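In: okay, here's the prediction I keep looking at, along with the sequence it came from:
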Amino acid sequence: MENFEYYYNNTPDHGLVRNNLIYTSLISKDKKTFVQWYYNDTEYHQGKNQIIDKDLMSEKWAKELYFLNQMSTNKSDLVPKILDIDLNEKKIYLKIDGVDFWQRSLDNNCNFDQVLPDWQDQMLAILQAHKDLGFYKYSLHPSSYFIIDGQLKSINYFFCHTPDEPMVPLNHFRSHISNDRQAKLEGYFTAHNLSWDSVLSYDILQQMTFESFRSNYSSDFIERAKKIYVS
C-alpha cells in the first residue's frame, strides 16, 4: 500500500466516515486510482465491520466482477476504466480523477448542480443503462459515482440483482445497508406493513431503494428515477 491510503468521506456531521461498508476503499496519493479491496480490514472499518460472513463477502465480490464487467463491456463510457483486477488479492483498480461526486460537493460546500450541472440527466442515463442490461442496482449513494472529464461514472456493483434470481428476505441485505439508511427504511416499512422478514420482488425493492435516497437527492430526481423501472 506504499502508494495508496485508506479512502474516507470527510463529512461535516461525522468527520471521516467509511466510504463503503462492504470492502476496504483505497485511493492513490495522486487521487488518480481508486481501489475496491474486497477484504474486511478492521483498521479501515474501525471495528465496525458489517459483513463478517466469508460466504457473503465472496458473493459480493463475484457480483462486483460480473456486473462491472457487464457495464465495462456494454456501457464503457458510464464506468471508470478498469486498470487492473487482482484476483488473488481481490482488488479492482479503477482510473479516477479526484475524489468522488459526493465528496466534491462536501469539499466545496456546494450542491450537486454546482459540481456537475447536468448530473441528473447523466445519473438517469446510468440507471437506464442498468435497466436496459436487465439488472437492478441498489448501491446508489452519491459516493458511488466519480466525475472524469465531465462525465459521471458509476461504481459499486456488488449490490446488483437480476430478475431471475431467487428472492430472499430483506434481512439478507441488512448487513450491507448503513444504520442511517436502515432507520430511513423503517419508516417505509411501517407505511407499507413490511419488516426485515418480508420478501419483495426486485422491482419493488428498486422502488424502495429510490425512496430511501430522498434525503440524498431532490424529490424531482427520485420521481424521474422511479419511472425508469416502471414498465
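Out: Looks like it arrived, so ask away.

In: what strand or helix carries Val99?
Out: Following DSSP states H and E, there is no helix or strand that holds Val99.

In: other residues contacting the biggest helix by length in the chain?
Out: As assigned by DSSP state H, the longest helix anywhere in the chain is helix 54-74. By C-beta atoms under 8 Å, 6 or more residues apart in numbering, the residues outside helix 54-74 that reach it are 22-23, 36, 38, 40, 51, 78-79, 82, 85, 90, 92, 129, 133, 135, 137, 154-160, 175-176. Glycine gets a C-beta too; all of them are placed from N, C-alpha and C.

In: chain center to it: distance?
Out: Centroid separation for helix 54-74 versus its chain: 12 Å, with C-alpha atoms, centre = their mean, to the nearest Å.

In: where does this protein have low pLDDT?
Out: 1-2, 49-52, 231 (pLDDT under 70).

In: let me see the ranges of the helices in it.
Out: 42-45, 54-74, 101-107, 112-115, 119-132, 179-191, 202-212, 219-228.

In: what subset of the contacts of helix 54-74 is buried?
Out: Those of the contacts of helix 54-74 that meet the buried threshold are 22-23, 36, 38, 40, 51, 78-79, 85, 90, 92, 129, 133, 135, 137, 154-160, 176, by 16 or more other C-beta atoms under 10 Å.

In: okay, now Ser28: neighbour count?
Out: Around Ser28 there are 15 other residues, counting by other C-beta atoms under 10 Å.

In: do the same with Ser215
Out: With neighbours defined by other C-beta under 10 Å, the count for Ser215 comes to 8.

In: dump the residue contacts of it.
Out: Taking C-beta under 8 Å, 6+ apart, we find Ser215 in contact with Lys184.

In: what separates the residue most central in space within the chain from Lys48, distance-wise?
Out: By C-alpha atoms, centre = their mean, the chain has its centre lying nearest to Ser139, at 3.3 Å. Applying C-beta to C-beta, to the nearest Å, the value for Ser139 to Lys48 is 18 Å.

In: do Phe4 as well
Out: The value you get for Phe4 to Lys48, if C-beta to C-beta is used, is 21 Å.

In: those two: which has the busier surroundings?
Out: Comparing Phe4 with Lys48 by other C-beta under 10 Å, the one with more neighbours is Phe4, at 16 against 10.

In: counting neighbours, what do you get for the residue lying closest to that one once chain neighbours are set aside?
Out: Using C-beta to C-beta, 6 or more residues apart in numbering and skipping the chain neighbours, the partner closest in space to Phe4 is Leu26 (4.4 Å). Residues lying near Leu26 (other C-beta under 10 Å) number 21.

In: who's in contact with Leu26?
Out: Leu26 makes contacts with 1, 4-7, 34-35, 37, as judged by C-beta under 8 Å, 6+ apart.

In: out of those, who has the most neighbours?
Out: For the contacts of Leu26, neighbours tallied by other C-beta under 10 Å; top is Phe34, 24 neighbours.

In: relative to Ile22, how far out is that residue?
Out: 14 Å.

In: just the CA trace of stretch 140-159, in CSV.
Out: C-alpha atoms of stretch 140-159 as CSV (Å, rounded to 0.1, in the frame of the first residue of the first chain):
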residue,chain,number,x,y,z
LEU,A,140,-26.9,4.5,-5.3
HIS,A,141,-25.3,6.8,-2.8
PRO,A,142,-23.6,9.8,-4.3
SER,A,143,-20.3,8.4,-3.2
SER,A,144,-20.8,5.6,-5.7
TYR,A,145,-20.0,8.0,-8.5
PHE,A,146,-16.9,9.7,-9.8
ILE,A,147,-16.5,12.5,-12.3
ILE,A,148,-14.0,12.0,-15.1
ASP,A,149,-13.7,14.6,-17.9
GLY,A,150,-17.1,16.0,-17.0
GLN,A,151,-18.7,12.5,-17.2
LEU,A,152,-20.4,10.8,-14.3
LYS,A,153,-19.0,7.3,-13.8
SER,A,154,-20.8,4.6,-11.6
ILE,A,155,-19.1,2.2,-9.3
ASN,A,156,-20.2,-0.3,-6.6
TYR,A,157,-21.8,-3.2,-8.5
PHE,A,158,-21.7,-5.6,-5.5
PHE,A,159,-25.3,-4.8,-4.7
